[in-house]
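**Student:** I would like to see how this sequence folds:
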Amino acid sequence: MDMLKWKQDVISNPVKKAIPVLSFPVVKLMGINVRQLLSDSDTLAEGMKILADRLPTLASLSMMDLTVESECFGASVEMYDDAIPAVSDTIVHTLDDAKALRVPEVGSGRTQIYIDAIEKAKKRITDRPVLAGIIGPYTLAGRLIGMSEIMMASITDPAMVQTVLEKATEFIIAYARAYRDAGADGFVMAEPTTGLISPKLARKLSHPYTKAVIDAVQTREYIVVYHNCGESGVKMTEDMSAFHAEGYHFGNCINMADILPHLPADSLVMGNVAPAEQFCVGTPEGITENTREILEACDKYPNFVISSGCDMPPTCNWDCIDAFFAEVTRFYQQKVK
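**Tutor:** Got it, this is the predicted structure:
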């Protein structure tokens, strides 16, 4: 698929479709738990197909399981029935540990399950792009070093952090290429940890590695959507624009109308209904109002696409999900009357 043409068509069309980061709530529709959903590629692909058939999304997104890459490097992962997987230990504590860290083969661990799932989903979903999900370099390094630890080590031991980042980046590039070979039309690169550090630190220890990934894999047929859900994201727009990603996705802790003017008008900019507060514990009435407020505030920007602020937990309320899509449809139908 010509993804640059697809992107331009989205921007030029006054009627938009939503693209929430919605994957794990499908367990409620399938009558299974998260552990079962992630057990094999057929179940994953079927989950993506069920969501595509049920919802008028702009694209189909893979499960955003940000433990897969860490597990390949040797980290232990806890699997749950009603929650997303979580990394349960750290494996890099010193510069020597970082130097000894091996870059795993793509296909090891659970990566082959996800690659195969994309290939199968692409054959089943033919009316919209299919996007994979991959962790970003700095966030992957944080899973291997420890989230609190990488914040401190970025200042006290940058050589250790950079050593891990180099290896994380090498692996992510290879993983992204494997998804491209499997037929994916692009991927969302999740960098939530970068949103927690200062722009100055990100400029040194996150952005160069993010750009290296994008430069290595993005093509006309295969795009990257960069996700940053931290508060400091609004202070990094100049740096992020230099990534030349075809899409940018933001969390709900920032105001979308504040960030949109500072990003390229020819890139898609997505966000940012709160996943937990609105989709999980909110009400249909509340999410309808919040969705409308964001749409109205951002409507003057043709490159804006409504989304969730981050990945939706498996416990999300389907009444709220349906209310979100209903309000998006109503909003754009009114525009063209």
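**Student:** Follow the chain on from the helix or strand containing residue 208 and name the next helix or strand.
**Tutor:** If you go by DSSP states H and E, residue 208 is part of helix 207-217. Once helix 207-217 ends, the next helix or strand along the chain (criterion: DSSP H and E) is strand 223-228.
**Student:** Run through the neighbouring helices and strands of that following strand.
**Tutor:** helix 3-12, strand 186-190, helix 207-217, strand 247-250 (3 or more C-beta pairs under 8 Å, 6 or more residues apart in numbering; DSSP states H and E). Glycine gets a C-beta too; all of them are placed from N, C-alpha and C.
**Student:** Show me the one of those that comes nearest residue 163.
**Tutor:** helix 207-217 (11.9 Å; C-beta to C-beta).
**Student:** Next, the angle strand 223-228 makes with that closest one.
**Tutor:** Helix 207-217 runs at 160 degrees relative to strand 223-228, counting by axes from the mean of the first three to the mean of the last three C-alpha atoms, to 10 degrees.
**Student:** Can you spell out which helices and strands pack onto helix 207-217?
**Tutor:** Partner elements for helix 207-217 (3+ C-beta pairs under 8 Å, 6+ apart): helix 137-145, helix 158-181, strand 186-190, strand 223-228.
**Student:** nearest to residue 120, of those?
**Tutor:** Of the helices and strands packed on helix 207-217, nearest to residue 120 by C-beta to C-beta is helix 158-181, at 12.8 Å.
**Student:** Same question for that closest one: list its buried residues.
**Tutor:** 160-176, 178-180 (16 or more other C-beta atoms under 10 Å).
**Student:** tell me how far it is from the chain's mean position?
**Tutor:** 16 Å (C-alpha atoms, centre = their mean, to the nearest Å).
**Student:** can you redo the helices and strands packed on helix 207-217 as a markdown table with mean pLDDT and distance to residue 308?
**Tutor:** Compiled in a markdown table, these are given as follows (pLDDT from 0 to 100; distance: least, C-beta to C-beta, whole Å):
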| stretch | mean pLDDT | distance to residue 308 |
| --- | --- | --- |
| helix 137-145 | 98 | 18 |
| helix 158-181 | 98 | 22 |
| strand 186-190 | 97 | 12 |
| strand 223-228 | 96 | 11 |
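**Student:** Nearest to residue 156, out of the helices and strands packed on strand 223-228?
**Tutor:** Nearest of those (C-beta to C-beta): helix 207-217, 19.4 Å.
**Student:** Out of the helices and strands packed on helix 207-217, which is closest to residue 99?
**Tutor:** Taking the helices and strands packed on helix 207-217 one by one with C-beta to C-beta, helix 158-181 is closest: 6.0 Å.
**Student:** now that closest one against helix 207-217, angle please.
**Tutor:** 20 degrees.
**Student:** which ones are touching residue 312?
**Tutor:** 20-25, 275, 279-280, 321 (C-beta atoms under 8 Å, 6 or more residues apart in numbering).
**Student:** separation between residue 55 and residue 19?
**Tutor:** According to C-beta to C-beta, to the nearest Å, residue 55 stands 10 Å off from residue 19.
**Student:** Who has more neighbours out of those two?
**Tutor:** residue 19 (25 against 17; other C-beta atoms under 10 Å).
**Student:** could you measure the more buried one against residue 134, distance?
**Tutor:** Taking C-beta to C-beta, one finds residue 19 at 17 Å from residue 134.
**Student:** do the same with residue 65
**Tutor:** 10 Å.
**Student:** now do residue 317
**Tutor:** Taking C-beta to C-beta, one finds residue 317 at 28 Å from residue 134.
**Student:** okay, those two: which has more neighbours?
**Tutor:** Neighbour count, other C-beta under 10 Å: between residue 317 and residue 134, residue 134 has more, with 28 against 19.
**Student:** SS state for the more buried one?
**Tutor:** strand (DSSP: H, G, I helix; E, B strand; the rest coil).
**Student:** Test my guess that it contacts residue 189.
**Tutor:** Yes - using C-beta atoms under 8 Å, residue 134 makes contact with residue 189 at a distance of 5.4 Å.
**Student:** what sits in contact with each of the two?
**Tutor:** What both residue 134 and residue 189 touch, as defined by C-beta under 8 Å, 6+ apart, is the set residue 172.
**Student:** in this structure, which spans are strands?
**Tutor:** 60-61, 77-78, 86-87, 130-135, 186-190, 223-228, 247-250, 268-273, 304-308 (DSSP state E).
**Student:** surely residue 99 meets residue 163?
**Tutor:** Yes - counting by C-beta under 8 Å, residue 99 touches residue 163, with 6.0 Å between them.
**Student:** Could you tell me the end-to-end distance of stretch 21-30?
**Tutor:** 18 Å (C-alpha to C-alpha, to the nearest Å).
**Student:** now do stretch 202-221
**Tutor:** 29 Å.
**Student:** any idea how far residue 108 is from the closest residue to residue 207 other than its chain neighbours?
**Tutor:** Leaving aside its sequence neighbours, residue 207 sits nearest to residue 239 (C-beta to C-beta, 6 or more residues apart in numbering; 5.1 Å). Distance, residue 239 to residue 108, using C-beta to C-beta: 32 Å.
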